[in-house]
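In: model this:
(chains A and B)
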Amino acid sequence: MSDGAADVLKGTLDLLILKVVAPQPLHGWAISQSIQAQSAAVLQVTQGSLYPALHRLEQKGWLASEWGASENNRRAKYYRLTAAGRRALGRETASWRRYTGAVDAILGT
Amino acid sequence: MREGERMDGLRNLWLRLRSLFGAASLERELDEELRFHLEAQAARHVRQGMTPAAARRRAQAEFGGVDRIAEECREARTGSALHLALRALRLGVRRLGRDPSFAVPAVATLAIGFGALLAIFTLADAVLLRPLPYADSDRIVVLRHALPGFGIADAGQSDGTFVHYREAARSFESMGAYFDRELSITDGAAPERVLAALVTPGVLDVLQLRPLLGRAFTAEDVTPEGRVLLSYELWQRRFGGDPGIVGGHIEVNGTRREVLGVLPRGAAFPTPATQLLFATSIGADRAGLRDMYFSAIARLRPGVTPALAEAELSRLAGTLGDRFADAPPELLAEAGFTPRVRRLKDEVTGDVRPALVLLLCTAAFVVLIALANVANLALVRAEHQRAEVAVERALGAGGGAVVLRFATESALVTFGGAALGLALAALAVGMRFGFEPWQIPRLHEVALTGRTVGLALACAALAGAALTLVGWLRGARADVHAALRGSLHRTTAGRESWLLQNGLTAAQIALACALVIGAGVMMQSVARLARVELGFRPGGLVAFDFALPTSDYRPYGAAAGFVDRLREGLLALPGVDAAEAVSLLPLTPYGSWFEVPIASPGVDVRGGVEPVASVRLVTPGYFAALGIPLLGGRVFEPADLTDAGAGVVLAESLARRLFGDADPVGRAVELPGLRHGTLIVVGVAGDVRDASLASPPAPLLYLPNDGRARLTDGVAPLPFVPREGTLIVRSDLPPAALLPAMREVQRGLDARLPIANLRTLDDVVAASSSRARLTAWLLLAGAASALLLGVVGIYGVVAYAVSRRGRELALRIALGASPGRVRRMVLAQGAAVALAGVAAGIPIALALTRLLGGLLFEVSPTDARTFVLVPLGMLIVALLASSLPARRAARTEPASALTAE
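Out: Next comes the predicted model:
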């Protein structure tokens, strides 16, 4: 993937997902709701990018999934952070901070 | 690493494996996950006051294309080259599964073609290509002679020639001589007849054969009470693989022999069936150019070719006269005495080579025809896929993806065909192709090997590449507009594809035509073989072999007396009409036989070449029992055989050779070089086929085997004693029912003797032509499948052309063309293809039947009738195959010109 903008966006989504599932396992719909709610509806996650991202993170071994019962007792696939995912979350958060810090510095606020 | 982390690692590995192999459960889970999302979202909208139906629609709209997301999720999990390949395979399987009318016939056709090729290759590989089971076996040669001046095309060695060469020849590291012998193992509960060989110790050196147990022969083992080596098979069968047998004893023909060792498995020599080896030595007192009964083998020194060795032996042969008084240079020159050196492998496999090469060609032809058929199918399929592929390309699929698409489909079909073909070949090999071990040398060594599998893979890969090319040429190169329009207006579809299709079919017809001609010629040969006048009536006769130990049946009288008592005992059995003995049954593939020069006092034989007689000792009733007609005189009587001489019976061809048109009865004959009394011809018997059905009648000399003759001390004035031979029994009972009673009779006379080789004479006759018959049938099977595929091919192209030209044909009919005219037009296309094919097939057939040459009996390889009738038949069959689509074309509704797609 050489396209810079897409890279950043994708990287951001991965970071948000990891952060949101860090406290407790969540299913896909709850993840999208959670991102929306925590960002005060600023960030909208389209399902078209959410699910491929979840599967990609699972394939990488950062997320693990289990089937469990949802709030209204339907079978749902819950994603939780693995140890590798927790380490990745730390790394990604740090690099995001560096990145935004650098951008802020240039914007001179 | 913590426990939880390890678990996650394992879980992740499991997930990767599942996604790699496209587990169906993963698909279901993905589906369920996405559906859950939709429902949760819809439920949220319902909570906000929407109706359930509107909420579902809204959720669906927000979500976007479920299939596209599912596909992206799949891709998120995949992406490696392996994944891409597996995905392409899965897609290929799915696409082929949607069109079984292509996949099923394609795989089946290839499986039959590949199966035939792989099976025959396995056979040819084991028999012709793989080295013999001896070290450096290419250096082992057979030493023989030709004496054209004496009318002897092929002879072995005499004591003198062998010793002379062994002492002087520099071409060889080692030399050995041997001859076959049939013997009986006479100890233990079940006596049995076995094939044995007397060998000089050098034979084991030449073969570099180390016994598995015990030791090889040395010079000290060459003694009258000689020690023996057992074959692995005999050791296992008779002694249960007991290693203690080494140093023990075995009784052979009534004599105790020490067992020196056991040969390794599969190393039996000179034949795979040889069970016992005795040590013998060869002394040289005379050249004996007329008694070259030994076989000899030698190991070439490195770098020496058989031709060089032959040249050296030819030089040495010139000096035979210096050593032996009976080989003066004049005699050598008169005989045209020529040493011959051939590789042992060529000698072993020589006479099956042409048949195997022929079958291999047949199988290769069938594969090519099958491939042409599949290529035609692929062509039609590619034509249909043009629109689909063009759309894919328009949507961004690269050229690589399109080639991959055709390559995976082709590979699936050809590798599937190869796998099935391999299974078919394994089946054929398992059944030994229906051959008996003695029909094909080395048959016991035939097994599916890595080379067979390698050939299967290579065939599949090559065929796959060819099919990919066909598909890509026809299916991928179209531009979108043309392809889409083409699918609407079929009449404009590619002319080159039509040409390619017709060309492939014509090639099929050509190969099929060649094969059918070959099979036709071969079948005629077999039919002639079946009609050969045997000279005897085999019906209702049962035979078994006997062999009497020399120690107890030394004089003629003892052996003949035993045979007489055995005959009487058998005749007393209920259901037995006749029981007679002969020293060697006609049409027997191997055995001890005696060919001796024969002369008659006062007769100057025409042509100056001394005639040779093949000697048989028979009981007087033999001729009547076998239905051999008596053409003059009478059969033996007990009074004919006295201490002074005996009466003999000549076969017609020998009588004519010796006496011309004069009456031979009452004339004397002599066997120069052998000790015997006066031999007076008492009768002339009809000729019989002896060596094989295809060879001319043998010059048989019948000597009496008569236990009733009065002889002093049982010694007869004959050079042979009837200690070995075959008993023939005429009975209406089946052989198996007779066996216990016959065994009882023989045991009553001598408990050590086996009843060996029980068979009917009908079997003997059938067996003598079985290889030719089998070859012909295999060829016919190949030709039949080729013909079938060719006919299917013709039908296919014509039918396809009709379906493609449907609109044009309807137009023609609408414009006034008669149905008959349309039918003729379509037929003409089939006829043109068939004609081109047949014309190309005749030269191929000429090449093929040239291969047949040596296998044919009384049929010319360019048999005019076959070469005319088969192509005509092919044309008729092709027209018949085209007539179905032609009839359909003629019935085209003119109105369909307007409605056709």
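In: Any idea how far the helix ranked longest in chain A is from the middle of the chain?
Out: In chain A, taking DSSP state H as the definition, the longest helix is helix A:83-107. Distance, stretch centre to chain centre, for helix A:83-107: 13 Å (CA atoms, centre = their mean, to the nearest Å).
In: outside of it, which residues touch it?
Out: Residues outside helix A:83-107 that contact it (CB atoms under 8 Å, 6 or more residues apart in numbering or on different chains) are A:11-12, A:14-15, A:18-19, A:22, A:57, A:60-63, A:81, B:2, B:4-5, B:8. (Each C-beta comes from the backbone N, C-alpha and C, glycine too.)
In: what is the mean pLDDT for it?
Out: For helix A:83-107, mean pLDDT is 89.
In: Over to stretch A:58-76?
Out: Per-residue pLDDT over stretch A:58-76 has a mean of 85.
In: Quick check: end-to-end length of that stretch?
Out: End-to-end span of stretch A:58-76 (CA to CA, to the nearest Å): 16 Å.
In: Any residue of it touching chain B?
Out: Yes - with CB under 8 Å from any CB of the partner chain as the criterion, chain B is reached by stretch A:58-76 at A:58-59, A:61, A:64, A:67, A:70, A:72, A:74-76.
In: Adding neighbour count and secondary structure as columns, could you present those residues in JSON lines?
Out: Below are these laid out as JSON lines (neighbours: other CB atoms under 10 Å in any protein chain shown; DSSP: H, G, I helix; E, B strand; the rest coil):
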{"residue": "A:58", "neighbour count": "24", "secondary structure": "helix"}
{"residue": "A:59", "neighbour count": "18", "secondary structure": "helix"}
{"residue": "A:61", "neighbour count": "20", "secondary structure": "coil"}
{"residue": "A:64", "neighbour count": "23", "secondary structure": "strand"}
{"residue": "A:67", "neighbour count": "12", "secondary structure": "strand"}
{"residue": "A:70", "neighbour count": "17", "secondary structure": "coil"}
{"residue": "A:72", "neighbour count": "9", "secondary structure": "coil"}
{"residue": "A:74", "neighbour count": "14", "secondary structure": "coil"}
{"residue": "A:75", "neighbour count": "13", "secondary structure": "strand"}
{"residue": "A:76", "neighbour count": "23", "secondary structure": "strand"}
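In: can you redo the residues you listed as JSON lines with distance to residue B:71?
Out: Below are these laid out as JSON lines (distance: CB to CB, whole Å):
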{"residue": "A:58", "distance to residue B:71": "17"}
{"residue": "A:59", "distance to residue B:71": "15"}
{"residue": "A:61", "distance to residue B:71": "22"}
{"residue": "A:64", "distance to residue B:71": "23"}
{"residue": "A:67", "distance to residue B:71": "22"}
{"residue": "A:70", "distance to residue B:71": "25"}
{"residue": "A:72", "distance to residue B:71": "29"}
{"residue": "A:74", "distance to residue B:71": "24"}
{"residue": "A:75", "distance to residue B:71": "23"}
{"residue": "A:76", "distance to residue B:71": "22"}
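In: Residue A:16 and residue A:32 touch, don't they?
Out: No - here residue A:16 lies out of contact with residue A:32, judged by CB atoms under 8 Å, at a distance of 10.2 Å.
In: Tell me, how many residues neighbour residue B:71?
Out: Other residues near residue B:71 number 13, with proximity taken as other CB atoms under 10 Å in any protein chain shown.
In: measure residue B:308 to residue B:302 for me?
Out: 12 Å (CB to CB, to the nearest Å).
In: These two: which is more packed in?
Out: Higher neighbour count among residue B:308 and residue B:302: residue B:308, with 14 against 8, using other CB under 10 Å.
In: Report pLDDT for the closest residue to the more buried one other than its chain neighbours.
Out: Leaving aside its chain neighbours, residue B:308 sits nearest to residue B:171 (6.3 Å; criterion: CB to CB, 6 or more residues apart in numbering or on different chains). At residue B:171, the model reports a pLDDT of 93.
In: separation between the residue nearest to the spatial centre of chain A and chain B?
Out: Residue closest to the average C-alpha location in chain A (CA atoms, centre = their mean): residue A:17, at 1.4 Å. According to CB to the nearest CB, to the nearest Å, residue A:17 and chain B sit 13 Å apart.
In: Smallest gap between the stretch 601-750 of chain B and chain A, at which residue?
Out: Here the residue of the stretch 601-750 of chain B nearest chain A is residue B:736; by CB to the nearest CB that distance is 70.1 Å.
In: List phi and psi for that residue.
Out: Note on residue B:736: backbone dihedrals following degrees, to the nearest 10 are phi -60, psi -30.
In: tell me which parts of the stretch 151-300 of chain B are close to chain A?
Out: Close to chain A, as judged by CB under 8 Å from any CB, the stretch 151-300 of chain B has no residues.
In: In the stretch 151-300 of chain B, where is pLDDT below threshold?
Out: Counting by pLDDT under 70, the stretch 151-300 of chain B has low-confidence residues at B:151, B:188-190, B:224-225, B:290.
In: What is the neighbour count of residue 104?
Out: Since no chain was named, I'll use chain A. Using other CB under 10 Å, residue A:104 is surrounded by 10 other residues.
In: oops, chain B please
Out: Neighbours of residue B:104 using other CB under 10 Å come to 11.
In: Can you tell me the element it falls in?
Out: Using DSSP states H and E, residue B:104 sits in helix B:100-124.
In: list the helices and strands that helix packs on?
Out: Where contact means 3 or more CB pairs under 8 Å, 6 or more residues apart in numbering or on different chains; DSSP states H and E, helix B:100-124 is packed against helix B:81-98, helix B:353-394, helix B:399-430, helix B:450-471, helix B:770-804.
In: on that earlier part again, so what's the residue of the stretch 601-750 of chain B closest to chain A scoring on pLDDT?
Out: pLDDT recorded at residue B:736 is 84.
In: Tell me the secondary structure of the closest residue to residue B:691 other than its chain neighbours, please.
Out: Leaving aside its sequence neighbours, residue B:691 sits nearest to residue B:698 (CB to CB, 6+ apart; 6.1 Å). The three-state assignment at residue B:698 reads coil, by DSSP: H, G, I helix; E, B strand; the rest coil.
In: Tell me which stretches of the stretch 801-901 of chain B form helices.
Out: Taking DSSP state H, counting those that start in this stretch to define them, one finds helices in the stretch 801-901 of chain B at B:806-814, B:819-852, B:864-890, B:896-899.
In: for chain A, what are the nearby residues on chain B?
Out: Going by CB under 8 Å from any CB, the residues of chain B near chain A are B:2, B:4-5, B:8-9, B:11-12, B:15-16, B:19, B:29-30, B:32-34, B:36-37, B:39-41, B:43, B:62-65, B:68-69, B:72-77.
In: which element is residue B:197 on?
Out: Per DSSP H and E: residue B:197 is located in strand B:192-199.
In: what does that strand rub up against?
Out: Strand B:192-199 is contacted from outside by B:176-185, B:217, B:234, B:238, B:252, B:269-271, B:273-280, B:545, B:547, B:590, B:754, B:756-757, using CB under 8 Å, 6+ apart.
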